[in-house]
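> Fold the stuff below for me.
(2 chains, ligands or ions: 3)
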Amino acid sequence: MHEHDVIVVGAGGAGLRAAIAAQEAGADVAIVSKLHPVRSHTGAAEGGINAALRDADSWEDHAYDTMKGSDYLGDAPAVEALCQESPEEVIQLEHWGMPFSREEDGRVSQRPFGGLSFPRTTYAGAETGHQMLHTMYEQVVKRGITVYDEWHVMELAVTDEDDPADRTCHGVVAYDIQSGEISGFRAENGVILATGGMGQVFDHTTNAVANTGDGVAMAYRAGAPMEDMEFIQFHPTTLPSTGVLISEGVRGEGGILYNEEGERFMFEHGYANNDGELASRDVVSRAELTEVNEGRGIEDEYVHLDMRHLGEERILDRLENILHLAEDFEGADGLTEPMPVKPGQHYAMGGIETNEFGETVIGGLYAAGECACASVHGANRLGGNALPELIVFGKRAGRHAAGEEMGEAEVTTGKDGDWEAADYEFETEVGETGGQGPAAADGGAVATDPDGVLEAEVERAEARVEELLSRKGRNHAEIRSTVQQTMTANVNVFREEGRLEKTLDDLREAREAYKDVAVSDPSRTFNTDLIHTMETRNILDIAEALTMGALARKEFRGAHWRKEHQERKDENWLKHTLVSWNDGEPELWYKPTILEGENKTYEPKNRSY
Amino acid sequence: MSTQTPTQTEESSETDAEADVPSKGDERRDEKRRRAAEERARRQAEEAEKAAADEETVELKVFRYDPEVEGKQEPRFDTFHVPFTKGMTVLDALMYSRDTYDSSLTFRHSCRQAVCGSDAMFVNGGQKLACKTQIAELEQPIRVEPLPHAEVRKDLVVDMEHFYDQMEAVEPYFQTNEYPDGELEEQRQTRENREKIKMSTRCIWCSACMSSCNIAAGDNEYLGPAAINKAYRFAMDEREGEDIKQKRLEIIEQEHGVWRCQTQFSCTEVCPKDIPLTEHIQELKREAVKNNLKFW
Ligand SMILES: Cc1cc2nc3c(=O)[nH]c(=O)nc-3n(C[C@H](O)[C@H](O)[C@H](O)COP(=O)(O)OP(=O)(O)OC[C@H]3O[C@@H](n4cnc5c(N)ncnc54)[C@H](O)[C@@H]3O)c2cc1C
Ligand code: SF4
Ligand code: FES
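Ligands and ions are numbered 1, 2, ... in the order given. Here you go, the predicted model:
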C-alpha cells in the first residue's frame, strides 16, 4: 500500500496543476496516472486559453460571454471564479516559462475566438495544450512530486453510508499496467479526480483513445452524481477520416466555411448573420450537418474550411501545426486547397458534480478539469474556456484538498438545497444488470474505517481481475464499438425521442453482453486487453446516464437539440440534470442553476450570434 | 532483451501450454491460452484466405514477445492481414488487428495525432510514429518491431525509464532570478527569440531519436538528442538570463553530454516533429566553446 496526504488521479493539465497547488500548500502529494503525464490529452489542445489580461478587457466581460455561451446553464459563482482567476494563472504559466506566441512589444499574443466579445484567447501557436502540459510537467519534475505512471485506477475507496453526503473517500485502488500488481493508495486528506474527457463514448471524436471517462464513472458508482451529461460539444471542424481537430483558431484568424456549391453558408443560409463562422460551436456544427442533410455537403459527408486567403506567412506564423495535421491525417494541403471538415465529439460539458472548490458530495473526494462539472460551461462551452478551467479549478481543488481554508461554497452538491425528482418514466430498464464488480458504496463493503475500506476495495479489485483473466467469455471490443456507433448515430447534434429510446435499448443489450466479458490475454505484463475491458464498463455507465439526461430534457438549449422541442424553455428547464447511481438503480433529478453573480444577476437572453 | 538482433521465428508456432499446475486459476489460464492459440490460428488461416481473394489488404508482420506467456517467450513475428482503407496509418492497422484478430497484441497509443508521443516504433527498419505513418507509403509486407536499443516489455512496448531519466537529468524546467514587478505582468520575449526556441519546444518525448542514435546505443550514460534539445530549449530562451545559461552549458558539457555527438544526423532524420536536433547540438557545442574562452 502507498500512502500520501493527497492522491491526484490523472496527469493532464488539471491533475498537474492540482498536484503543484497541493504541494505548495504543504501536502505530500502523489499523482497516479494510466498514462505518463506528457501523454495526456491536454497536449492535443491547439487554440488557446481565455484570459482577460488587457486593460481594454475585463473578467466581467469574460464572465458575461461565458454565461451567454453556456445558454444560462453555467453556475455564476463558478463562472466568475474562472474569469477572475484565469489571468493570474496564465501569467503563472508564463512565469514558468511557457512559450506563448508574442506580439511586437514582447507581450503574449491573444486571438479572437468564437463567442468572445474581446480577443482574449492566449496562445502558443496552434499547440497551446502541448506547451501548457509540458510546462506544468516541468514544474512537477522540478518539485520532485511523486508520479506513479502507467497505473490504471480501477475504483475509489469510499465508505458505504446510505446517503452519499455521509460517505468519505480514503484512497484509490490501482492496477500497475507494467507488472499487473494491484495496490491501494491511501489518501489521508483527499483524492482529486482529473481523468479528463469521455470522447470514447462516441466513435468520431477529437479525444484520445485513453479518454474513456474513468473518473466520472468511478465517482458515479461510488455515489457522486453525474451532472449535465447530455451536453456534449460537437466541434464543427474535425477531419472526416480520423476525427483529428482543426482548431477554431483557423476561423478565428479568418478561415471560411463553404458548402459544395461554394456558398459561404453561415451567412448565405442565415445560420449566424452577425458572427458567421465564429458563431458558437453548436450553431456551426448544426449548420454544417444541415447543409449535408439538405444535399449541399461534399461527398454527402463534409464541408470545406478554407484558409488559403490568409496567406502563407500568416498561416506559417500562427497555424503551422494545422498544415501538418491536415497533411498527415487527411492528405490535404491547407496552403493550396480547402480542408475537408465535419462535426465530431469534442468535449463533455458535464461531469462529476462539484462545487467551485472541486469538492464532490463525498467527503474527501474532489474533481477538476474536463471530468468535473462545477459548472462553468453549462449547455455549451466556449472555445478556449477549458484550458483555464484546468488551471483555475485544478489549483483550487489542490489547495482545498491540502487543507487550505477557502471559505463557504455557493454551489451546492448532492441533494443539499433545492432539488426535484425527475418526472420521467424510461421505457427501458436502466442500471446494473448484475455480475460486475460493484463499488464499495454498493453495499458489499461493511468496513467504515479508512484502511478497512481500502483493503476491502483492493480485495474486490483482485477478485475482479482474476475473474476477467481466468474465465471465458466475449471480447469487450465488439461491445465498445456497438455503444460508440449507437451513440454517434442517435445522440449526436440532432436528437429525437424515438432514437434516444432505441439507444437506451441498445445500451441495455450492451450491458447484458458485458456481463459475459472476459480477457483472452492471460498475461500480467502490459495487458491492455484487460485495461480496455475495464474502460468499456465506464463507457457503458456514462453512455447510459448521458442518454437518460437527453431523453428527459424536453427543450433545446446549447448543444442539446431536440427535434420535438425547438425552444429553450427557461420556465421549466433552467436547471441542472443529475443522475445518481443509487447502488445500480439510476435516479434522475434536477437542481436549479445559479444565475446570481457577485455583483449582478445574469438574466437569460436570446443566444444569437 | 533488445531487438537489435531479434531471434526471428517467422509465423506463429503455437505452443500448447502444458505444465503441471497447482491452482485452478492456472489451469483455467492454460486452458484459455490453448483456446486463444487455436482461435488465433483459425482466424489467421481465414484471413490468409480472405487476403488471397481480395487484393486490397495490407500484410503486417508484427514482432511478438511476452515474458510470461508460453509460446511468446521466444520472440516471433505474427502476420496480420488488414483490409486497406484510404488514409490508413500503421496505428490504424495495428488497432484493427488487435480488435479483430488478437486482443493480446500490445502497443502504446493514445492521441492518434502525433502529439502524445506514445507510439514510436520500428517500421520497415526505421523509427516512426505509427499514427503518423501512412500505410500507402510503405513497402509490403510491413515489418513492425519495437524501438531498437531499448528493453522490450511486451510486443511493441519498450521500457521508457532510461529515456525519462535522461530527459530529467538536464534540469528540464524554466529558471530565472528575475521576474517583472507588476503582479499580472508577463516577462517580455522577442518574437525572434520565441522563433529561435520554437522547434525545440515541440518535442513529444517519443524517444525515436534516442533509439536511432549509435552513440546512445554504445554509451548508456549519453544524455541523448532529446535531452540535449531540452537543455537547448532553455539555454536559448532569453527569459532565463546569463547566469543560468552558464549553468546549463556546464550540464550539457559533462562527459556524457554534447561532445559525444558525432553529427551522424540519424536523430534529425527520424524526429517526427522535424526538430533540427543535430543543429541544436552543434550550436550548443559552439556556445560552450565561446563560453569557456570567456572564462580563460
Ligand atoms: C483536440 C483538442 C483540442 C482542444 N483545444 C482546446 C483549446 O484550444 N482551448 C481549450 O480551452 N480547450 C481545448 N480543448 C479541451 C481541453 O484540452 C481538454 O478539456 C483538457 O485538456 C482536459 O484536460 P484534463 O486535465 O481534464 O484531462 P487530460 O489531459 O485528458 O488528462 C487526463 C489524465 O487522466 C489520466 N487518467 C484517465 N483515466 C485514468 C485512470 N482510470 N487511472 C489513472 N489515470 C487516469 C490520464 O492518464 C491523463 O493523465 C481541446 C480538446 C481537444 C480534444
Ligand atoms: S526530439 Fe523528436 S524524436 Fe526525439 S523524443 Fe523529441 S519528438 Fe521524439
Ligand atoms: S498515438 Fe499519440 S503520438 Fe501516435
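
> which residues sit in contact with residue 169?
Using chain A here. Neighbouring residues of residue A:169 by Cβ atoms under 8 Å, 6 or more residues apart in numbering or on different chains: A:156-158, A:187, A:190-191, A:222, A:362-365. No exception for glycine: its C-beta is placed from N, CA and C like everyone else's.

> my question was about chain B
Applying Cβ under 8 Å, 6+ apart, the residues contacting residue B:169 are B:223, B:227, B:251.

> same question, residue A:405
Applying Cβ under 8 Å, 6+ apart, no residues contact residue A:405.

> And it, which helix or strand is it part of?
Counting by DSSP states H and E, no helix or strand carries residue A:405.

> and the gap between it and residue A:472?
Distance, residue A:405 to residue A:472, by Cβ to Cβ, to the nearest Å: 55 Å.

> Skipping adjacent residues, who's closest to residue 140 in space?
Using chain A. The shortest distance from residue A:140 to any residue other than its chain neighbours is 5.7 Å, reached at residue A:16 (Cβ to Cβ, 6 or more residues apart in numbering or on different chains).

> please go with chain B instead
Residue nearest to residue B:140 in three dimensions, not counting chain neighbours: residue B:59, with 5.2 Å by Cβ to Cβ, 6+ apart.

> Whichever helix or strand the one you found is part of - which strands sit beside it in the sheet, and in what orientation?
Using DSSP H and E, residue B:59 maps to strand B:57-64. Note on strand B:57-64: by DSSP bridges, its sheet partners are strand B:76-83 (antiparallel), strand B:142-145 (parallel).

> Rebuild the contacts of residue B:169 as a markdown table, extending it with pLDDT and neighbour count.
Output for the contacts of residue B:169, formatted as a markdown table (pLDDT from 0 to 100; neighbours: other Cβ atoms under 10 Å in any protein chain shown):
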| residue | pLDDT | neighbour count |
| --- | --- | --- |
| B:223 | 96 | 27 |
| B:227 | 98 | 26 |
| B:251 | 94 | 18 |
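
> Between those residues, which sits nearest chain A?
Nearest to chain A, judged by Cβ to the nearest Cβ, of these is residue B:227 at 12.2 Å.

> Was I right to think the closest one contacts residue B:167?
Yes. The pair residue B:227 / residue B:167 is scored as a contact, 5.1 Å apart, by Cβ atoms under 8 Å.

> quick revisit: now, of the contacts of residue A:169, which are buried?
Among these, those scoring as buried are A:156-158, A:187, A:190-191, A:222, A:362-365 (criterion: 16 or more other Cβ atoms under 10 Å in any protein chain shown).

> Any chance of JSON lines for these, columns pLDDT, distance to residue A:531 and secondary structure?
What follows is the buried ones among the contacts of residue A:169, written out as JSON lines (pLDDT from 0 to 100; distance: Cβ to Cβ, whole Å; DSSP: H, G, I helix; E, B strand; the rest coil):
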{"residue": "A:156", "pLDDT": "98", "distance to residue A:531": "17", "secondary structure": "strand"}
{"residue": "A:157", "pLDDT": "97", "distance to residue A:531": "20", "secondary structure": "strand"}
{"residue": "A:158", "pLDDT": "97", "distance to residue A:531": "22", "secondary structure": "strand"}
{"residue": "A:187", "pLDDT": "98", "distance to residue A:531": "22", "secondary structure": "strand"}
{"residue": "A:190", "pLDDT": "97", "distance to residue A:531": "25", "secondary structure": "strand"}
{"residue": "A:191", "pLDDT": "98", "distance to residue A:531": "20", "secondary structure": "strand"}
{"residue": "A:222", "pLDDT": "97", "distance to residue A:531": "20", "secondary structure": "helix"}
{"residue": "A:362", "pLDDT": "98", "distance to residue A:531": "25", "secondary structure": "coil"}
{"residue": "A:363", "pLDDT": "97", "distance to residue A:531": "29", "secondary structure": "strand"}
{"residue": "A:364", "pLDDT": "98", "distance to residue A:531": "26", "secondary structure": "coil"}
{"residue": "A:365", "pLDDT": "98", "distance to residue A:531": "23", "secondary structure": "strand"}
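
> Among the residues you listed, which one sits closest to residue A:8?
Taking Cβ to Cβ as the measure, residue A:8 sits nearest to residue A:191 out of those, at 7.9 Å.

> Starting from the helix ranked longest in chain A, tell me the next helix or strand along the chain.
Longest helix in chain A, counting residues (DSSP state H): helix A:528-552. For helix A:528-552, the succeeding helix or strand toward the C-terminus, using DSSP H and E, is helix A:570-573.

> Contacts for that next one next, please.
A:72, A:553-555, A:557, A:604.

> Ok, stretch A:101-108 next?
A:53, A:90, A:94, A:100, A:109, A:122-125, A:318, B:186, B:188-191, B:194.
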